[in-house]
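In: structure, please.
(chains A and B)
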Amino acid sequence: MTEHTPQPTYNPREIEAKWQKRWETARAFETEADPSKPKYYVLEMLPYPSGTMHMGHMRNYTIGDVVARVKRMRGFNVLHPMGWDAFGLPAENAAIKNKTHPREWTNKNIAEFQRTLRRFGFSFDWRREISTCEPEYYRWNQWFFLRMLEKGLAYKKKSRVNWCPKCCTVLANEQVINGFCWRHEDTQVEVREIEQWFLKTTAYSEQLLDDLKLLEGTWPERVITMQRNWIGKSQGARVQFAVSDTGGGESIEVFTTRIDTIFGASAIILAPTHPLVAKLLRDSPVKAEAETKLAQIRKMSVKAEDLATAEKEGFFTGRHAVNPFNNARIPIWVGNFVLMEYGTGAIMAVPAHDERDFEFATKYHLPKPVVVIKEFSPHAEKEIAKAEHAEKEVPPAAPTEPFTEYGVSVNSGPYSGLESAVAIDKMAADAQAQGFGKKETVFRLRDWGISRQRYWGTPIPVIYCEKDGMVAVPDKDLPVLLPPNPKLTGEGESPLAATPEFVNTTCPKCGGSAKRETDTMDTFVDSSWYFYRYCDPHNSQAPFDSAKVKYWFPIDQYIGGITHAILHLLYSRFWCKVMCDLGLIDHVEPIARLFTQGMVQKGGVAMSKSRGNVVGAEEMAEKYGADTGRLYTLFAAPPEKDLEWSEESIEGSWRFLNRVFRLVAKHAATVSSTGTLACAPATNAPQNVPFGITSAALTNLTAREQSLLRKTHQTLRRVTQDFETRWHFNSAIALIMELTNEIYAQEPLEGNIRPEITREALEKLTLMLAPMTPHLAEELWEMLGHKEGLSAEAWPQFSEDLARENEVEVVVQINGRVRGKVKVSAGADQDEVVAQAKADASIATHLAGKQIKKIIFVPDKLVNLVAQ
RNA sequence: GCCCGGGUGGCGGAAUGGCAUACGCGGCAGACUUAAAAUCUGCUGUCCCUCACGGGGCAUGUGGGUUCGACCCCCACCCCGGGCACCA
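Out: Numbers count the residues shown, from 1 in each chain, chains lettered A, B, ... in the order given. Alright, predicted model coming up:
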């Protein structure tokens, strides 16, 4: 180099601040619904603002931001908003600990989170920011609640709930992990009976299940599977067994998916909490011992309920029931493995055809009659066919293991000889006809308990009046505000109940004194519809304007962790269906495409504050700059896989960006001052001449020029594919690195590569980096002489002509082993390639004394000579 | 137990039927420098033959199979990670 002026050096801190400011001034990412433009709604799951942000958080937003920026460059009107899941327990706990207000703690965290996100240059439309703890937001939670109350979708019932003694609140079933609290891994959950508010998710069981079909192909398969299992549809039948020896005319209803095995039932087993148990025991001959055993089981069941390994325990009630199909008298038992919450809380035990029943029967020496076999043995077939029934097929010996598959019924009266599926249909129909049963579908899914006995959540808008009973708060009185100064102790009754100025109110109907509901809502309510609010965040008349939602929805791309695969996404889908029925929207699924990114780990475990293995986002930005952090999280692993953070590897990303910066800085002057740069629009360009370059600039290319131009467009072609269809950001970056290496390999460029071509290479390089390292790309773009910022720039198109190789290397295999390579012109036919291959000395050696029996030819790639 | 994902150099990973190990990290050697840092260049799976130039064999968890050709497709198994787990 001849010049003596010092080259500028890459200073991310300066560059990043500069461009963030410009984007803000230019309102570069603000967006409005505009039906004349194609829209794209990309969203990352909203964060719970607690602690400080680490690179695990940033990975999520980086992926989303790349998508948002690529789509913008592709001409879409992009909605990319951000907000805060701001209600929740930690704020309240922190408030108790620090004697502050939850709002204070929350707002402080939000401010910090926001600063970090801004520092990473994510292209959010900040005007649309929402915070779920603000009355402007949570009043609409209340509004939705009232609509559901009107439709009977919100109701109150006394129910057994999980109670965490540390949280002092009710936990949802799904917040209980193997009997322990999801937040306090060492705290065992207790069972209590409390009046609770529920949302009727079960009203949509069928729809929630069916519509999963609409998501196939665009949602990860495992998320769909998890939801399907969670909803847990079972088709079966209810059957009533009359109790034969109490004289009270009671009957027990069981649920079974295998009514075809009913002739093999050797007992009825009730859940320990089944309401009939007490009645059965009242005058039972075995009353004393049974009650002792029941007490034992009840005591144990709370603890053992969630332990799958618990041994089956049970006892005989001393009573019997009659099988309606064959009038057999079978004993009624109580078993700890029968769940009151599922089905009817009672089962018929068919030991020969159910693993659990088998285990139970073995322990308590109940008979195991076989009533289904795999198939008739071939030699017996004739006999069976003419036999009236298949009774004699089965040996009387007790089975050694249960046969749980479908097969053929035997020893089943008129149903013997039928295939299981047929028998199930027929027997259910007969049961219905005779009035002791019917077909029934049962779901595992339960209603969503939303009551929380906590302060920092949405107050449930209901008032209790002595005269009028429960009264809904009228819409005009919304929002029901949280009292500003609660007494937060973390103990005893809920904070709202302890705040008289909140509790005591007047009845909206009669004006008399009344009391408010003191439960607040589960925070999953907030996150079930927040993405609708982004479309119209400041609407004070309605949760949103339906026209705006109609434009933006569904969400084109939702990005988040797999941890929300069930609850958040299921509740969101439920909310959508309710809103659809309310006539607020006209789509049935809110999220068209879902992507679940991998975790960021350090030392093999997920980054988390409690583990102390976090890499702080601020420190990252401070040390290397946001662009390096963004690039590294994209480069180190494919987005769906877990990423192991390495302090050493990140240096590579940092070095690469420096390398690009130096390259552009070195040639910026030459390139940007070249007035001859042709930027003819593609439409005016003559054929075979790529856009952006005039034919004059393309004549008489030297081999080096041609090769650089070719590499540039080959890279562009593959990077475009990686961005658009595969989301392989890591390999896209590898390709961009290769291009950079190639440009360096052509140094010195001056005098060897004409400026138009240098410019072409450097500009395309910059544009390809733009979605990933936007600050650096803007800076480079400016250095290259552009006055307009990159945010207005379109994604570049590649030219097939320029990307095409005119000479290719074809691999020559002999019997499938690589033995050499030949250079031929692109598109050379088989004869030509084979001729060249034979001419190669080393290949000739391998072919010596052999006869070519077959030739496999893949144009421009490979020829395989099969020789003997 | 059941379901899903994964197993490729010293490390992160690339290649979805056609040159395995791209790209990056680390390592080694060299250039520049008084020196260091930074930067640049080259080498870097493994074994064997060769002074060398070269050449050959073997390698994508294991064992089989399909194919002219397999990291890729099929079958069986092992290991790791995650989810579900008495749902009748």
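
In: low-confidence regions, chain A specifically.
Out: The model of chain A has pLDDT under 70 over residues A:1-6, A:167, A:169-179, A:181-183, A:300-310, A:376-398, A:490-492, A:674-699.

In: so the residue in chain A positioned nearest to RNA strand B, which of the three states?
Out: With C-beta to the nearest atom of the strand as the measure, the residue in chain A that lies nearest RNA strand B is A:Gly652; the distance is 2.5 Å. From N, CA and C alone the C-beta is placed, and that goes for glycine too. Recorded secondary structure, A:Gly652: helix (DSSP: H, G, I helix; E, B strand; the rest coil).

In: is there proximity between stretch A:852-865 and RNA strand B?
Out: Yes. Remark: stretch A:852-865 sits within contact range of RNA strand B at A:854, A:856, A:858, A:861-862, A:864, by C-beta under 7 Å from any atom of the strand.

In: in that stretch, what's buried?
Out: Of the residues in stretch A:852-865, those scored as buried under the neighbour-count criterion (16 or more other C-beta atoms under 10 Å) are A:857, A:863-865.

In: was I right to think A:Met772 contacts A:Val66?
Out: Yes. The pair formed by A:Met772 and A:Val66 meets the contact definition of C-beta atoms under 8 Å, at 5.7 Å.

In: shared neighbours, the two?
Out: Counting by C-beta atoms under 8 Å, 6 or more residues apart in numbering, the residues touching both A:Met772 and A:Val66 are A:634, A:729.

In: what's the separation between the residue of chain A closest to RNA strand B and A:Met737?
Out: Here the distance between A:Gly652 and A:Met737 works out to 9 Å (C-beta to C-beta, to the nearest Å).

In: tell me what the closest residue to A:Thr52 other than its chain neighbours is bridged to.
Out: By the measure of C-beta to C-beta, 6 or more residues apart in numbering, the closest residue to A:Thr52 outside its immediate chain neighbours is A:Gly616, 5.9 Å from it. The bridge-partner assignment for A:Gly616, based on DSSP bridges, gives A:His54.

In: what helices and strands are in contact with the helix or strand A:Glu193 falls within?
Out: For A:Glu193, the enclosing helix or strand under DSSP states H and E is strand A:190-199. Counting contacts by 3 or more C-beta pairs under 8 Å, 6 or more residues apart in numbering; DSSP states H and E, strand A:190-199 is packed against strand A:154-164, strand A:169-171, strand A:448-449, strand A:451-452.

In: export the ones you listed to CSV and tack on mean neighbour count and distance to RNA strand B?
Out: Supplementary listing: the helices and strands packed on strand A:190-199 in CSV, determined by neighbours: other C-beta atoms under 10 Å; distance: least, C-beta to the nearest atom of the strand, whole Å:
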stretch, mean neighbour count, distance to RNA strand B
strand A:154-164, 16, 13
strand A:169-171, 22, 14
strand A:448-449, 22, 16
strand A:451-452, 26, 21
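
In: can you add distance to A:Glu788 and give those strands back as a markdown table?
Out: As requested, these are arranged in a markdown table below (distance: least, C-beta to C-beta, whole Å):
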| stretch | distance to A:Glu788 |
| --- | --- |
| strand A:154-164 | 53 |
| strand A:169-171 | 55 |
| strand A:448-449 | 51 |
| strand A:451-452 | 52 |
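
In: relative to A:Lys577, which of those is closest?
Out: Taking C-beta to C-beta as the criterion, strand A:448-449 is the member of the helices and strands packed on strand A:190-199 that comes nearest to A:Lys577, at 12.9 Å.

In: list the helices and strands that closest one packs on?
Out: For strand A:448-449, the elements it packs on are strand A:190-199, judged by 3+ C-beta pairs under 8 Å, 6+ apart.

In: the strand it packs on vs strand A:154-164, what angle?
Out: With axes from the mean of the first three to the mean of the last three C-alpha atoms, to 10 degrees applied, the angle from strand A:190-199 to strand A:154-164 works out at 150 degrees.

In: contact partners of strand A:190-199?
Out: Under the criterion C-beta under 8 Å, 6+ apart, residues A:148, A:153-165, A:170, A:302, A:447-451, A:460, A:519, A:521, A:574 lie in contact with strand A:190-199.

In: identify each buried residue in stretch A:585-601, please.
Out: For stretch A:585-601, burial by neighbour count (16+ other C-beta under 10 Å) applies to A:585, A:589-592, A:594-601.

In: ditto for stretch A:85-99
Out: Of all the residues in stretch A:85-99, those buried under the rule 16+ other C-beta under 10 Å are A:85-96.

In: repeat that for stretch A:785-804.
Out: Neighbour-count burial for stretch A:785-804 flags A:786, A:790-791, A:793, A:795-796, A:798-799, A:802-803 (criterion: 16+ other C-beta under 10 Å).

In: mind putting these in TSV, secondary structure included?
Out: Formatted as TSV, the buried residues of stretch A:785-804 follow (three-state DSSP):
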residue	secondary structure
A:His786	coil
A:Leu790	helix
A:Ser791	helix
A:Glu793	coil
A:Trp795	coil
A:Pro796	coil
A:Phe798	coil
A:Ser799	coil
A:Leu802	helix
A:Ala803	helix
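
In: which of these lies closest to A:Val286?
Out: A:Val286 lies nearest to A:Trp795 out of the buried residues of stretch A:785-804, by C-beta to C-beta, at 79.2 Å.
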